[in-house]
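# Task: produce atomic coordinates for the following.
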Amino acid sequence: MDMRESSAWDNKSDWAEDSVGARKNTLGIDLDGVRALATRLDALDGPRPSELKRDFVRWPFHRERIRIQIDQPGGTQLLLKLACRNLSRGGISLFHNAYLHERGRAVVWLPHPIRGEVGIFGTLARCKHRGGMVHELGVRFDRPIDAKEYVSLDAGAEIYSQERVTPERLSGSLLVVDPDAQEQRLIRHFTAGTAIRVRTCTTQTEALAALREPVDLLLVALNLPDGSAAEFVSAVRAVGVRTPVLIITPDVSRESRNAARGAACEGVLGRPLSCDRLLRALAEFMGDASTSASASATTTIASDDPAAEVLPEFIAELHAAAETIRGAIERDNAPECERVCLMIAGAAPALGFAGMVPAVERALQMLAWTKSAKESAVVLSDVVAACERAKAA
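Okay, the predicted model is just below:
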């Protein structure tokens, strides 16, 4: 069955009458029961060997119910409310009372603190019997999400979502603001195997001047010769720089975390630094050198191709389309987003931008299911980014 043909998304009240009925979830347990079950399984599973590290850290995400639609092989469609164990950038772990065939397509509706429920596409990657009637389902998302938007985390804690990092895949620009020359050398050493370009400063004044050249991330010592990290971040924001900031703290004590939180930073790194912890932190903000994003942003049409004559006009249309989609999301105008996406899907391949099509197709699919631009904002943002990057060869 094509999930786009389902009428369930047009009438969300159907969920009150699904196979769960009046129960909280298919196991019939409350939140305390979910936590107890998750704690028991955590103890049984034990620590994961370092050689078997996952790509993403799994954070506890205990919920009585998460709405999910699963299309099973053979055409069976399930609308379920499942208890939830944990969440990562790459997927979610849920509890169910029966076995389900793996590889079924799924949509998981994650509760967002601001946007309400957000539909995330994925595939049922595993179904494991955990005892009694408890089965643990693992849904792998089609693309990583920003799990920190959904999980409540201490802004002053050293918490990063990457569990395994491949150094050579990290790229981007880093500005280190730290008066400690040895710390600067250590950071350069730890990033030597990456494609990250590192610049260093020792004071706020030097750093503000260096920021005339944009960077992807600021790594700032908690205490600087001419002020605190909090004062520096305030000065940076005052001149309109929105670059993410990580604070290097002498330790990760409550006092240091509170100071970092006061600096309105994106995270902290406790001293002494280690290569693994630093790279995991940088991976949150650095680009992936192996991705084809830059390639898909450039047309494959040769300059002597007759179609090249209309490229400048089409690229201008793509840039304008990005603004149109942004405005349509703000107004929750799904038809306008659909119209623009259809225009891109129809013209992009012929003009050498076939790499944009997967993002556009995901957006059209989500719009068809949700009938809402705001609920589809996550996938629409990919289309906006692709339009803004579009350029000639």
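# Quick check: what element follows the helix or strand of the chain with the lowest mean pLDDT along the chain?
Every helix and strand of the chain was ranked by mean pLDDT, DSSP states H and E. The lowest is helix 293-297, at a mean of 49. Using DSSP states H and E, the helix or strand that follows helix 293-297 in sequence is helix 311-331.
# what does that following helix rub up against?
For helix 311-331, contacts defined as CB atoms under 8 Å, 6 or more residues apart in numbering pick out 299, 301, 333-334, 336-337, 340-341, 343-344, 347, 351-353, 373-374, 376-377, 380, 383-388, 390-392. All C-beta spots, glycine's among them, are computed from the backbone N, C-alpha and C.
# In it, which residues are buried?
L311, F314, I315, E317, L318, A321, A322, T324, I325, R326, A328, I329 (16 or more other CB atoms under 10 Å).
# what mean pLDDT does stretch 121-133 have?
Taken as a whole, stretch 121-133 has an average pLDDT of 93.
# again, but for stretch 315-323
Per-residue pLDDT values over stretch 315-323 give a mean of 93.
# what does stretch 63-74 give?
88.
# which parts of it are buried?
So for stretch 63-74, counting by 16+ other CB under 10 Å, buried means R63, E64, R65, I66, R67, I68, Q69, I70, D71, Q72.
# now the helix or strand hosting V118, how far from the centre of its chain.
Per DSSP H and E: V118 is located in strand 116-131. Relative to its chain's centre, strand 116-131 lies at 17 Å (CA atoms, centre = their mean, to the nearest Å).
# likewise stretch 184-202?
25 Å.
# And stretch 171-189, by the same measure?
For stretch 171-189, the distance to the chain centre is 26 Å (CA atoms, centre = their mean).
# That one: which residues count as buried?
Judged by neighbour count (16+ other CB under 10 Å), stretch 171-189 contains these buried residues: S171, G172, S173, L174, L175, V176, V177, D178, E183, Q184, L186, I187.
# Likewise for stretch 371-378?
In stretch 371-378, counting by 16+ other CB under 10 Å, buried: S372, A373, K374, E375, S376, A377, V378.
# cool, stretch 273-282 as well?
Here stretch 273-282 shows L273, C275, L278, L279, R280, A281, L282 as buried, counting by 16+ other CB under 10 Å.
# what about the stretch 101-250 of the chain, any weak spots by pLDDT?
Low-confidence segments of the stretch 101-250 of the chain (pLDDT under 70): 153-159.
# In contact with A235, which residues?
Residues near A235 by CB under 8 Å, 6+ apart: Q204, L208.
# With just CA atoms, put the strand or helix carrying it into PDB.
When elements are assigned from DSSP H and E, A235 belongs to helix 229-238. What follows is helix 229-238, C-alpha atoms only, in PDB (Å, rounded to 0.1, in the frame of the first residue of the first chain):
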ATOM      1  CA  ALA A 229      33.300  33.800  27.800                       C
ATOM      2  CA  ALA A 230      29.800  35.100  28.600                       C
ATOM      3  CA  GLU A 231      31.000  38.700  27.900                       C
ATOM      4  CA  PHE A 232      32.600  37.500  24.600                       C
ATOM      5  CA  VAL A 233      29.400  35.700  23.500                       C
ATOM      6  CA  SER A 234      27.300  38.700  24.200                       C
ATOM      7  CA  ALA A 235      29.700  40.900  22.200                       C
ATOM      8  CA  VAL A 236      29.600  38.400  19.300                       C
ATOM      9  CA  ARG A 237      25.800  38.300  19.300                       C
ATOM     10  CA  ALA A 238      25.600  42.100  19.500                       C
END
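# mind listing what's buried in it?
Neighbour counts over helix 229-238 (16+ other CB under 10 Å) mark A229, A230, F232, V233, A235, V236 as buried.
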